[in-house]
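Peer 1: Can you look at this prediction? I've put the sequence above it.
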Amino acid sequence: MSTLLDSSYKTRRTSMNRLISISGIVLIAIPVIAFYAILFCNVLNIPFLDDYQAILGLANHAAGLSPWNKVGYLLTAQHNEYKLVFEHGIVWTEFLILKRIDFRILCVIGDLSVVLIGIALWKMFLPSRDFAGRAMLFVPVAWLLFQLQYVETLNWAMTSLQNLPVIAFSLLVIYFLDRDSLGLAIFFLIAAVASSGNGLFVIPIGAWMLRRRSGWLVTWLVASAACIAIYFYHYNVGSLQSSTHRSILGTVIHLNPIWPLSFIGNAAAFPLYGKDLGLSLLLCPLVGLSLCALFVFNRSSSRALHSCTLFLLLTAIGVGCMRSEFGLRQSLASRYGIYSALLLICAWLFVSERKFREADISTIVRSRIWQTAVFSSIVFCVLMDVGGYHYLNVRNNELKSGMNAYDRSKIGSADFQKKATVILQESQRRGIYQLPTY
């Protein structure tokens, strides 16, 4: 009799876990589907702002070079403070295959990097837990990650191929170091540094993670030195966007400490697209300070999660050094929101590891903490998706009108308009890009 009862209990438990697992998958899939449905229905084959110089300008110049010189140019070309080797490689690969540049494909590739970020977070998060509990705890992560608060980075070829891949590759570096896969970690380190300069921040983080393995540490440092040497080969230190400080050292010295805090709390920038950001200028630094306090006093045992948080915080400081002279309002820009969203996710993962590491699934779903996190993340996601959809519609209408009229007045200053027109005409002459009809 006892055996039959035990068997019946196990059967019910298995069925319940299967149902909960399916529910978790559905709750995770909903924001992902909505996220990409909005983006892919609003993607245009039209360059936007930095796309002219960073993509079309590069393609124009590279088209006239010999194959060897072309490789050298793609490795050394610089846009403002950045070397975008990964982005340039994607652009030139597309051109070699299609014989033209299609900004829709570039945007889709960049936007899909968010999936890679989600996979990296999933792989690092409570790997020893049962799938059902892990899925339910991951639900707030999905709704915080796959939302349009950082819409300025999305459906914009240049930024989506820079800002998103560097995060994905950096998180994968940390994941593979934590799993003792040095070769894969070095591979993704190269990819991270090739994507954007803040990929260099994983070098000291990796050295810290390998501090007790001297042989691996030496290999890591040699590979890192090679990445640094290639990145800074022919690097123009005077190419900063700053008009006051003409060197990186100068920007570091004059860092406004409130700027990184506001950057960290960027997700609290409400209203998203309003003109009055007064409340956000007060709220975002407070949210940033609270997150920093949580990370400092947290006692989580996850080395990977600590390392991910450190990478995001170092990026906040680095961007603050480069941009703080432009004022606190720029720290609220939507294009920086992905970092703030990831820091909120890290905060939730810290809480989950502390509160629910050993908890069974029924304890999790009945917990007020979990219920509040799920409800808050869903509300946040819905609000940001509505705002992001509105932003994309406005931006797309302006781009279509400007392109149809061959008018750059909607997207920049007179000087920028003149440069963009010259680049566009050269791209058309070379057959690199053709104007679409809308």
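Peer 2: Received, thanks.

Peer 1: residues contacting Met209?
Peer 2: Shown in contact with Met209 (C-beta atoms under 8 Å, 6 or more residues apart in numbering): Ile174, Leu177, Asp178, Arg303, Ser307. For glycine as for every other residue, the C-beta is placed from the backbone atoms N, C-alpha and C.

Peer 1: Now for those, which sits with the most neighbours around it?
Peer 2: Most neighbours among those, by other C-beta atoms under 10 Å: Leu177, with 28 neighbours.

Peer 1: How is Ile46 assigned, secondary-structure-wise?
Peer 2: Following DSSP: H, G, I helix; E, B strand; the rest coil, the label given to Ile46 is coil.

Peer 1: hmm, back to that, so can I have a markdown table of the contacts of Met209 showing secondary structure, distance to Lys70 and pLDDT?
Peer 2: Below are the contacts of Met209 laid out as a markdown table (DSSP: H, G, I helix; E, B strand; the rest coil; distance: C-beta to C-beta, whole Å; pLDDT from 0 to 100):
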| residue | secondary structure | distance to Lys70 | pLDDT |
| --- | --- | --- | --- |
| Ile174 | helix | 33 | 95 |
| Leu177 | helix | 34 | 93 |
| Asp178 | helix | 38 | 90 |
| Arg303 | helix | 41 | 84 |
| Ser307 | helix | 37 | 90 |
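
Peer 1: out of those, which one sits closest to Val422?
Peer 2: Using C-beta to C-beta, Ile174 is the member of those that lies nearest Val422, at 42.5 Å.

Peer 1: Surely that closest one is in contact with Ser307?
Peer 2: Yes. Using C-beta atoms under 8 Å, Ile174 is in contact with Ser307, at 4.6 Å.

Peer 1: intersection of neighbour lists for the two?
Peer 2: Ile205, Met209.

Peer 1: Can you pull out the low-pLDDT segments for the stretch 251-400 of the chain?
Peer 2: The stretch 251-400 of the chain contains residues with pLDDT under 70 at 251-255, 270-279, 299-301.

Peer 1: if we go to 90?
Peer 2: 251-306, 313-337, 347, 350-367, 387, 394-400 (pLDDT under 90).

Peer 1: can you map out the helices along it?
Peer 2: Ranges of helices in the stretch 251-400 of the chain, per DSSP state H, counting those that start in this stretch, are 258-264, 278-297, 303-323, 328-331, 337-355, 361-366, 368-404.

Peer 1: got JSON lines for the ones you listed, with distance to Arg104 too?
Peer 2: Compiled in JSON lines, those are given as follows (distance: least, C-beta to C-beta, whole Å):
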{"stretch": "helix 258-264", "distance to Arg104": "30"}
{"stretch": "helix 278-297", "distance to Arg104": "32"}
{"stretch": "helix 303-323", "distance to Arg104": "28"}
{"stretch": "helix 328-331", "distance to Arg104": "28"}
{"stretch": "helix 337-355", "distance to Arg104": "21"}
{"stretch": "helix 361-366", "distance to Arg104": "41"}
{"stretch": "helix 368-404", "distance to Arg104": "12"}
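
Peer 1: wait, which of the ones you listed is closest to Ala223?
Peer 2: Once those are compared by C-beta to C-beta, helix 303-323 is nearest, at 17.3 Å.

Peer 1: And the closest one, what's buried?
Peer 2: 304-323 (16 or more other C-beta atoms under 10 Å).

Peer 1: Ok, stretch 342-358 next?
Peer 2: 342-353, 356.

Peer 1: tell me the centre residue of the protein?
Peer 2: Nearest residue to the geometric centre of the chain (C-alpha atoms, centre = their mean): Leu164, 3.3 Å.

Peer 1: how close does it sit to Leu289?
Peer 2: From Leu164 over to Leu289 the distance is 26 Å, taken as C-beta to C-beta, to the nearest Å.

Peer 1: Repeat that for Ile28.
Peer 2: Ile28 is 30 Å from Leu289, by C-beta to C-beta.

Peer 1: do the same with Ala120
Peer 2: 27 Å.

Peer 1: Neighbour count: those two, which is higher?
Peer 2: Ala120 (23 against 15).

Peer 1: That one contacts Ala168, correct?
Peer 2: Yes. Using C-beta under 8 Å, Ala120 is in contact with Ala168, at 6.3 Å.

Peer 1: Enumerate every residue touching the residue nearest to the centre of the chain.
Peer 2: Counted by C-beta under 8 Å, 6+ apart, Leu164 has contacts Gly110, Asp111, Ser113, Val114, Ile117, Thr153, Ile338.
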